[in-house]
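Chemist: what follows is a predicted protein model with its sequence.
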Amino acid sequence: MSRPPSVDALARALSAQVDLPHPLLVDVARAAIAEGVVDEAPARARALARTLLTPVVNATGVLLHTNLGRAPLAHSQQARPQTVEFDLATGERGSRQRAVGQLLARLTGAEAAMVVNNNAAAVLLAVAALAGGRQVLVSRGESVEIGGAFRVPEVTEQGGAQLVDVGTTNRTRLADYRRALTRRGADVAMVLKVHPSNYRVEGFVEDTPVAQLATLEVPVVADIGSGLIDAACPWLPTGAPAWLADEPAARQTLAAGAALVTFSTDKLFGGPQGGVIAGRADLVTACARHPLARALRPGGLVLGALQEVCLTYLRKQAGALPFWRMVAPSSGALRARATAIVAAAERGEIVDTLALPGAGSAPGVGMASVGIVLDGDHLASLRAHDPPVIARVREGRTVLDLRSVDPDDDTMVARALRHCR
């Protein structure tokens, strides 16, 4: 047998094939030599590279794909210090929440607002700050699990509060909340209204709207989830699309009487991952002063990206955000793109599809879209392309939905289709 190469020599040879730092290639080379499979080293190096965060083309038709990072967003900023906690007017330490908080307050019509890591953190902090050691009223129909083990009862418990179930799974009325408030031993700090954002209950159902809950003598915290700022969608030329009809919006929820709203910033808001608490200034201040706020605070990169998104909304240019750009095109425009892609790829069939908002937004509804179909399962081949193209299989056919694909990526989709095996 020929003598195997040295670890360093093999690692250097791999660097010409795979763009990875030398220490990682050394690890690959050492393992391949030790196992006597030197010929497999390049494939192992490529496989390692694919475990890192990788830009992809989202052709699933799920616009806010949680596994693909939800709302796509480009952001850059200068490699300089920034005023995260510095007040330029006084030269003293400032508030981390001031810059973006004032913009979010303006957007939502709130007295004040603050940002944390995600919406689960926003709900946790609101419960801990406003109801720690006391009771929180939650409709049984809203005591839900949303996403990866985000359960309202457990979040309430972690916030140091006691959850009190109100009403029934399918029907909860204002009278149910009033009875819970007057029950012997009641020590209710707040009502938590949770939008069931990833499922829909139909039939013999009834819930209590925020406007009615606001007549109670305790504050109402409304977790609206998806982060729709304004139900009118004034940034879209044609106004709010039909699939958003039942989605609660921050501005309208606060106007209806909610003391606070919480929501995600990486869903319908179209920004980076984050969570917002907006509403009454005294309650937002209580949240900001709670010890958990420091553990849940975002960093300067997230704040910088959120600031740019907020300014985009305030400039009435939110239609330029990647998520809303995906929403806007007509089926006719998508079909024209599909026709060009199929012609360039010289394969594929054009079909009507139904795209989904995704990430628990507007459950049970979709938007008309157009896709390209290939017979058989070609998912692995598409994922192996550079850049990877992520599609789906339905009834034994591979579907690439164009509503979730940026038009600038159409040539890449055509190339990936052409080389599909």
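Modeler: Nice, thanks for sending it over. Residues are numbered from 1 along each chain as shown.
Chemist: list the buried residues for stretch 42-59?
Modeler: 42, 44-45, 56-59 (16 or more other CB atoms under 10 Å). Just so you know, the C-beta spots here come from the backbone N, C-alpha and C atoms, and that holds for glycine as well.
Chemist: next step: those residues restricted to helices.
Modeler: Cross-referencing the buried residues of stretch 42-59 against helices under DSSP state H gives 42, 44-45.
Chemist: how near is Gly159 to Arg179?
Modeler: Computed as CB to CB, to the nearest Å, the Gly159 to Arg179 distance reads 24 Å.
Chemist: and the two? Which one has more around it.
Modeler: A count of neighbours by other CB atoms under 10 Å puts Gly159 above the other of Gly159 and Arg179, at 24 against 13.
Chemist: now the residue nearest to the more buried one when sequence neighbours are not counted: which helix or strand?
Modeler: The shortest distance from Gly159 to any residue that is not its chain neighbour, by CB to CB, 6 or more residues apart in numbering, is 3.3 Å, and that residue is Val127. Per DSSP states H and E: Val127 is located in helix 119-131.
Chemist: helix or strand right after that helix?
Modeler: Read in the C-terminal direction, the helix or strand following helix 119-131 is strand 135-139, with elements assigned using DSSP H and E.
Chemist: which strands border that following strand, and is each parallel or antiparallel?
Modeler: Next to strand 135-139 in the sheet, as set by DSSP bridges, lie strand 162-166 (parallel), strand 188-194 (parallel).
Chemist: so for the shortest one, what gets flagged as buried?
Modeler: I take that to be strand 162-166. 163-166.
Chemist: the ones in helices among the buried residues of stretch 42-59 into TSV, with extra columns for pLDDT and distance to Asp409?
Modeler: Formatted as TSV, the entries for these read as follows, by pLDDT from 0 to 100; distance: CB to CB, whole Å:
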residue	pLDDT	distance to Asp409
Pro42	97	27
Arg44	97	29
Ala45	97	26
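Chemist: may I see those residues organised as JSON lines, with distance to Ala99 added?
Modeler: Rendered in JSON lines, the data for those read as follows (distance: CB to CB, whole Å):
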{"residue": "Pro42", "distance to Ala99": "48"}
{"residue": "Arg44", "distance to Ala99": "46"}
{"residue": "Ala45", "distance to Ala99": "43"}
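Chemist: just give the number of residues close to the residue lying closest to Gly279 once chain neighbours are set aside.
Modeler: Computed as CB to CB, 6+ apart, the closest residue to Gly279 that is not its neighbour in sequence is Leu260, at 3.7 Å. If you count neighbours by other CB under 10 Å, Leu260 ends up with 30.
Chemist: tell me the bridge partners for Leu260.
Modeler: Partner residues in beta bridges with Leu260: Val221, Gly279, with DSSP bridges as the criterion.
Chemist: buried set for stretch 354-363?
Modeler: Neighbour counts over stretch 354-363 (16+ other CB under 10 Å) mark 355-363 as buried.
Chemist: domains of the protein?
Modeler: By the record's domain assignment, the chain is partitioned as 57-72+325-418, 98-318 (automatic domain parsing).
Chemist: average pLDDT for the first one?
Modeler: What domain 57-72+325-418 shows for mean pLDDT is 95.
Chemist: repeat for stretch 181-200
Modeler: Along stretch 181-200, the predicted local confidence has a mean pLDDT of 86.
Chemist: checking Val115 next. Helix, strand or coil?
Modeler: Using DSSP: H, G, I helix; E, B strand; the rest coil, the three-state assignment for Val115 comes out as strand.
Chemist: right, and it touches Gly271 too?
Modeler: No - counting by CB atoms under 8 Å, Val115 does not reach Gly271; the two are 10.0 Å apart.
Chemist: what sits in contact with each of these two?
Modeler: 265, 306 (CB atoms under 8 Å, 6 or more residues apart in numbering).
Chemist: quick check: Pro298 touching Asn117?
Modeler: Yes - counting by CB under 8 Å, Pro298 sits close enough to Asn117 to count as a contact (6.0 Å).
Chemist: these two - which one has more neighbours?
Modeler: Higher neighbour count among Pro298 and Asn117: Pro298, with 25 against 18, using other CB under 10 Å.
Chemist: only the buried residues of the lengthiest strand in the chain, if you could.
Modeler: In the chain, taking DSSP state E as the definition, the longest strand is strand 367-375. When burial is assessed from 16+ other CB under 10 Å, strand 367-375 yields the following buried residues: 367, 369-374.
Chemist: I'd like the next helix or strand past it.
Modeler: Next along from strand 367-375, by DSSP H and E: helix 379-383.
Chemist: can you name every helix or strand that that following helix contacts?
Modeler: If contacts are counted by 3 or more CB pairs under 8 Å, 6 or more residues apart in numbering; DSSP states H and E, helix 379-383 sits against strand 389-390, strand 397-401.
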